[in-house]
Each structure stands twice: as C-alpha cells, then as structure tokens.
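*Asks:* Below is the sequence, then the predicted model.
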Protein chains: 2
Amino acid sequence: MPKSRTISIGHGSGGQLSNRLIRDVILRRFPNKILHRLEDSAEIKLNTKKYAFTTDSYVIDPIFFPGGDIGKLAICGTINDLVMKAARPLYMSFSMIIEAGFSMNELERILESAARAARAAKVDIVAGDTKVVNKGKADKIFITTTGIGQITFPVGARRINAGDKVIVSGMIADHGVAVMNARLNLGLKTAIKSDVAALDPAIDLLAPFARGIKFMRDPTRGGVASVLNEIIENRSLGIILDEKSLPIRKQAVAVCNILGLDPLYVANEGKMIIVADRMCAERVLDRLRRHRLGRHARVIGEVVESPEGVWLKTAIGSIRPLLLLEAEGLPRIC
Amino acid sequence: MPKSRTISIGHGSGGQLSNRLIRDVILRRFPNKILHRLEDSAEIKLNTKKYAFTTDSYVIDPIFFPGGDIGKLAICGTINDLVMKAARPLYMSFSMIIEAGFSMNELERILESAARAARAAKVDIVAGDTKVVNKGKADKIFITTTGIGQITFPVGARRINAGDKVIVSGMIADHGVAVMNARLNLGLKTAIKSDVAALDPAIDLLAPFARGIKFMRDPTRGGVASVLNEIIENRSLGIILDEKSLPIRKQAVAVCNILGLDPLYVANEGKMIIVADRMCAERVLDRLRRHRLGRHARVIGEVVESPEGVWLKTAIGSIRPLLLLEAEGLPRIC
C-alpha cells in the first residue's frame, strides 16, 4: 500500500473500490447492525413500527440533462431507495451546497422540478439547509436528500432462494446514456432521455404479491450487473441472466458501443430489479406491464444454486461472468 | 432587480439575505406547514408519536480546527438541532461528498471523530452515502447529516411571553473565533478552541423544568443576535440583553476586535439559548451550572412587551438595537 493513500474518483463509482472504502474505512467505525446490512434504506423501529430511512448526495454532471435535472433526481432517487424497502415515502429533507455565482434562475428551475416530483409522490419536504461556498469550491450545486417511509411488507436479499426469477421493470441504461451524451456533448442523434422517475406507485402495485416478492432494488450506480453481484454476496447462489430477454433500446446499445460501455453496468434512475418467487413472477410481470412505469418489464434471469456468481447467457448461447468491476466507468452519474 | 441574479456567499450566511432566499425562493415551492415553521428540526408524526427530523450540510473551512473537525461538527450540529426541539436523538444518516485526491488518512481521522461523537451521544449512524467528484470540483470534503429524535416535551417560539428570561448556557463566540483564527492563519496567541459539543445531556437535565421552558435554540450561524431576532419575528415582543451579563472570554473579545466582528453575531457550536418562564429561570440556571456543558450559564436578558425588537443594554447603560444583519460576516463557519 502506498504511503500517501488518497481518494480517487473510483471510490465513488459503485464498484469494488467503493465497496472496499465502505467496508474497510467507513463501516468498521460505525458498528451497528442496521448500517452493516448495506441496504438501500436502513430499517429502523420507532414506537414498535418499522420505518425505512435513507440518504443520498447528488452530484450529477451536468445538472440539467434530457429527461430531468438534479432537483428531480434528488427527490426521485431517495424516494426510490425507500420504495425498494417496500416503504411508503412520508417525509424528506433537502439540503443544498451551492457555489457562489450560481444562477438564481437555474436554482429556481431545480427547486421547481424537485417540488413537482415531491408533490407527485405525495411526500412532504419538511426540513432543509442551504450552504454557499466560494466560486471554485463546489461544482454549481450538490443536493443531499434524506427520506423516511413506513415499511408495508418485508423484503430483503436474505429471502432470495434458488429458483426465484429476476425481473427488471423496463428498458435499461437510459439514464447513463442520456447523461453521458449530454455531458460529453457527443451530439449523438439519439432521442434517449433519462428514465428518472419516482417508483412509489410500485408499493400499491406489488402489495398483492407481497408474499412472493423477495427483494427489490433500483439499479443506479453500477447498473444491473453490480446490483445482482451485491445481492448474492456471501450467499452460495448464482444468477443467470438471459441476454436475449434484456429490455434495452437499440439506440442505447449503439451509444454504449461508441462509448465503450457495457449497458449492464450503466445507471438507471427509474427502474427496479425485483426478485420474485417463480410461482408469482408471471403475475407480478403482468401487473407491472399494465402500469406506465413497467410497460417494458421482463423476466431477465433466474437464481440458481450453481454456478455461483452472476452470469450472462449471451445471444449465441455462450456463458460469460458478470463481475463486480473495480471501478465503474461513469463518475457523477447521480 | 438585475437581470442576471446569482447566488452570493451572503445567501448562506444566516442573515437577511439567507432569510430572503429561504422565504422567497425555497419555501413557496414547498408549501407545507411543517417546513414553514422554520424550526431547527421539523416536528413529524409517526404512528401517533411526535418526532423531530433535521438536516444540515457541513462545509466548514478549515476541516480541522482547534477543538474539533468537520466529522465531529457534522454529528454534534445535527444532534443539537434535535435537542433544541427537546428530542432525544435516535438515528442519523451521514453522507459525504469528497474531492478526488483527498487524503485517506484525513478521511479516517474525520470518520473516527464522527464515530466517537455519535457513540458518546448514543445515536446510531444507520444510513450513509459516499460521492467522489474530480479534483477542483469540491473543497476537500462536505458532509450532510440528517437526524431523527423522539420529542420529550413541547418547546417552540410561540410559547414565549413578555417576562420570560433569556439564558445562554455558556461562553459565546468560541467556535467562530477558533475557526477564523485557524482559517486566516492569524497566529494570534489564543488558547480559544471551538466549543463544538453534543448537547444531548440537556434533555434529561431540563426535563424536570419542562413546563417552564418555552424555547431552545443553538446560536450557530449568525450567533446569539440572529437567533433572538428570529424568535420574535412576527411577534409583538422585544428582547433586552444585558451586555454586562454576557459570558464571553476576554481573549474572544480581543480577537473579535481585531477581526472587526461583533461576538453577538459569531457562531457557537456547543451552546444553547433557553427562554424560560421567570419563575423557573433561576432553577434552570442552577441545574445547568452543575453540568460541564453549562458551567458558565447566565441569564443574559429578558423578553419585554416593548420596545419591540432585540436590544443591547451596554455596559455604560445606553441602549442599541441588535438587527438581523444583511449577511453575517463569517462564511463556511459550519
């Protein structure tokens, strides 16, 4: 290990470097069981009832992108982390760090967009903070949101078993593709927009199948492949994805090819992975597809006893491993 | 109004500019009663019980200062916002935005210090996030913490009446003086350290006097004078402070004189203002003084019917107004 260890961009990427930072540097200093579960939301007990509690800082670049902006993202992203614990969002906080010289008009657009997203999800922003730092000491605006929601039914990676089906709620990679196209000013003629959306309707949609739903997670930083790797960590299980069944736009594949990105590792902001008992997977799929947020939902894979790890069965029938990357290739994607 | 309106450093200062940004730009987009109360913590109801919920972003410069660092500050500051609502801290989140190239050793020191502060206050850090941005896109490290606590007795500015006493729990201005001395590298020979501390012991200390305690707030950004202005806003009340009774170190006065700062507007991070019924003020004071956090507690003023506004009765007996400043002079003090 070099004497002068420093934080690198990869430490925030959602790959193995992030994982090691979290495990080796952060977690051992905060030794409580809830945090160590490393779920999208913490499960806390208040007055005998179970609540989900989650926080995220948003540093996306650019702050305005096709399909959304940092304000909408900061609300939807945190709502989604609650929803992935089957928690109905109740209250949120909204804290901004703004660079001096930032445009008041842009701030107003961002706040407007955040407010609209919160209203749509019927969640109240009840706490906030505003800090301003000198020009050059932050990049335009960073937003941190924290949410509380009431858990409606239990889900968790520990409930996953061999035989379960892996469902994705729609087209993958749109968010990452749209943001990279905007950031790099590629000018690629693509109509792809970020899928940023609040997934709170999923709670009522999925409640009838609660007993068969094992696990839910939104594949943001690190994409679908990273999420699947995380959920079978420390389990003697494997997941086999079927490439042919992956819902993805041709245009997204084309942009990923140009950028040298694997769409399975590209961030989504309005999609969810659901692991469901095989007995109810088809009914879950059917229900999802009748909602605008799940129109392109598909079963994309299956949990198996062996081989362990995450695997992709390609279109021509070969099998390749989907590893957790050292550092995922898209910094500041959320 | 100029066509190109921008955010200035004063918008984050805790003065009138901050207030206008919050009222005119932020609040009107989030129209819920809880947020509009603008208290240190939001009061939320979960399953019939009352909880306090609060968030703050910490951007202090320098990140290490005499008496503490940004990690300790991020825990204590948010704990204190809960305590000011007489809420017992239960859970917190801890989210970091780190500049690439930041020293891992310094990160570890900061986390260690945050963990120690959380442990001492018996609060669990149950959720977190880590984002990394490129070098030059943030200033070392920013931390946002959010806390939940259970409210033990009701307090609020609306309970304040003429005749109430204003208590401060100890020496004022230490935090601001220590940080400015460190930041400006003044090399002033002063032993003054930041007073950063978690005030959670105040809950049990003050519980016996709950009926007589009207209001509590920690005078951070904007100092004692700004807090007192805020609490009588929209009320037909005045507050008269007695300069002779203000607890402040001679050294702090000296540094403030050199820097051209008014100690009444300088930030504190381990002190509280308590407004108490005059019948119990002396007993509250007595109790505070027997605790290490309140050894230098004093009654510093009184709430009056007139004149309205906040006033200082100086040592020589003249009266001068303590206005809410346009922009308080110390950016990035927390």
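*Replies:* Structure's in. What do you need? Numbering: from 1, shown residues only, chains lettered A, B, ... in the order given.
*Asks:* could you point out which element follows the helix or strand A:Pro89 falls within?
*Replies:* Assigned by DSSP states H and E, A:Pro89 falls within strand A:87-99. Using DSSP H and E, the next helix or strand after strand A:87-99 towards the C-terminus is helix A:104-120.
*Asks:* Leaving out the residues flanking it, which one is nearest to the closest residue to chain B within the stretch 201-334 of chain A?
*Replies:* Going by CB to the nearest CB, chain B is nearest to A:Arg332 of the stretch 201-334 of chain A, at 6.2 Å. Backbone N, C-alpha and C define where each C-beta goes, glycine included. The shortest distance from A:Arg332 to any non-neighbouring residue, by CB to CB, 6 or more residues apart in numbering or on different chains, is to A:Asp61 (4.3 Å).
*Asks:* Please, which helix or strand holds the residue nearest in space to the middle of chain A?
*Replies:* Nearest to the geometric centre of chain A sits A:Thr220, at 2.8 Å (CA atoms, centre = their mean). Following DSSP H and E, there is no helix or strand that holds A:Thr220.
*Asks:* number of nearby residues for A:Ile98?
*Replies:* Using other CB atoms under 10 Å in any protein chain shown, A:Ile98 has 26 neighbouring residues.
*Asks:* contacting residues around it?
*Replies:* A:Leu107, A:Thr130, A:Lys131, A:Val132, A:Val133, A:Ala138, A:Lys140, A:Ile141, B:Ile7, B:His11, B:Gly12 (CB atoms under 8 Å, 6 or more residues apart in numbering or on different chains).
*Asks:* how does it look with 7 Å?
*Replies:* Residues in contact with A:Ile98, defined by CB atoms under 7 Å, 6 or more residues apart in numbering or on different chains, are A:Thr130, A:Val132, A:Ile141, B:Ile7.
*Asks:* where do the strands sit along the stretch 1-150 of chain A?
*Replies:* A:42-46, A:49-58, A:64-65, A:68-69, A:87-99, A:124-133, A:141-151 (DSSP state E, counting those that start in this stretch).
*Asks:* which stretch among those comes nearest A:Asp195?
*Replies:* A:Asp195 lies closest, by CB to CB, to one member of the strands of the stretch 1-150 of chain A: strand A:68-69, at 8.9 Å.
*Asks:* now that closest one: how far from the chain's centre is it?
*Replies:* In this view, strand A:68-69 has its centroid 16 Å away from the chain centroid, taken as CA atoms, centre = their mean, to the nearest Å.
*Asks:* same thing with stretch A:87-98?
*Replies:* 16 Å.
*Asks:* residues from the stretch 101-250 of chain A in reach of chain B?
*Replies:* A:101-105, A:107-108, A:111-112, A:115, A:124-134, A:137-139, A:142, A:144, A:146, A:148 (CB under 7 Å from any CB of the partner chain).
*Asks:* In PyMOL, select just the buried ones from those.
*Replies:* Restricted to buried positions by 16 or more other CB atoms under 10 Å in any protein chain shown, the PyMOL selection for these reads:
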select buried, chain A and resi 102+104+107+108+111+115+124+125+126+127+128+129+130+131+132+133+137+138+139+142+144+146+148
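*Asks:* that older thread, which non-adjacent residue is nearest the residue nearest to the centre of chain A?
*Replies:* Nearest to A:Thr220 is A:Ala267, by CB to CB, 6+ apart, at 5.1 Å.
*Asks:* give me the number of residues near the residue lying closest to A:Lys45 once chain neighbours are set aside?
*Replies:* For A:Lys45, ignoring the flanking residues on the chain, the nearest one in space by CB to CB, 6+ apart is A:Tyr51 at 7.5 Å. Using other CB under 10 Å, A:Tyr51 has 27 other residues around it.
*Asks:* In this structure A:Tyr51 contacts A:Tyr91, no?
*Replies:* No. Using CB atoms under 7 Å, A:Tyr51 is not in contact with A:Tyr91; the gap is 10.0 Å.
*Asks:* Between these two, which contacts overlap?
*Replies:* The contact sets of A:Tyr51 and A:Tyr91 overlap at A:Ile148 (CB under 7 Å, 6+ apart).
*Asks:* so where is chain A shaky, pLDDT-wise?
*Replies:* Residue ranges of chain A with pLDDT under 70: A:1-4, A:328-329.
*Asks:* mind listing the helices for it?
*Replies:* All helices of chain A, identified by DSSP state H, fall at A:16-20, A:33-36, A:70-83, A:104-120, A:174-183, A:201-206, A:223-231, A:250-259, A:278-289.
*Asks:* which helices and strands sit right next to the fourth one?
*Replies:* Under the contact criterion of 3 or more CB pairs under 7 Å, 6 or more residues apart in numbering or on different chains; DSSP states H and E, helix A:104-120 touches strand A:68-69, helix A:70-83.
*Asks:* what's the angle between that helix and strand A:124-133?
*Replies:* Counting by axes from the mean of the first three to the mean of the last three CA atoms, to 10 degrees, helix A:104-120 lies at 160 degrees to strand A:124-133.
*Asks:* Relative to chain B, tell me which of the helices and strands packed on helix A:104-120 wins on proximity.
*Replies:* Across the helices and strands packed on helix A:104-120, chain B has its closest neighbour in helix A:70-83 (8.9 Å, CB to the nearest CB).
*Asks:* mind listing what the residue nearest to A:Phe102 when sequence neighbours are not counted touches?
*Replies:* Excluding its sequence neighbours, the residue lying closest to A:Phe102 (CB to CB, 6+ apart) is B:Ile7, at 4.4 Å. Contacts here follow CB under 7 Å, 6+ apart; on that basis B:Ile7 touches A:Ile98, A:Ala100, A:Gly101, A:Phe102, A:Met104, A:Leu107, A:Val132.
*Asks:* For those residues, give me JSON lines that also has distance to A:Arg289.
*Replies:* Output for those, formatted as JSON lines (distance: CB to CB, whole Å):
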{"residue": "A:Ile98", "distance to A:Arg289": "41"}
{"residue": "A:Ala100", "distance to A:Arg289": "48"}
{"residue": "A:Gly101", "distance to A:Arg289": "47"}
{"residue": "A:Phe102", "distance to A:Arg289": "42"}
{"residue": "A:Met104", "distance to A:Arg289": "43"}
{"residue": "A:Leu107", "distance to A:Arg289": "39"}
{"residue": "A:Val132", "distance to A:Arg289": "46"}
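*Asks:* Going by distance to B:Ile79, which of those wins?
*Replies:* Looking across the contacts of B:Ile7 and measuring by CB to CB, the closest to B:Ile79 is A:Val132, at 23.8 Å.
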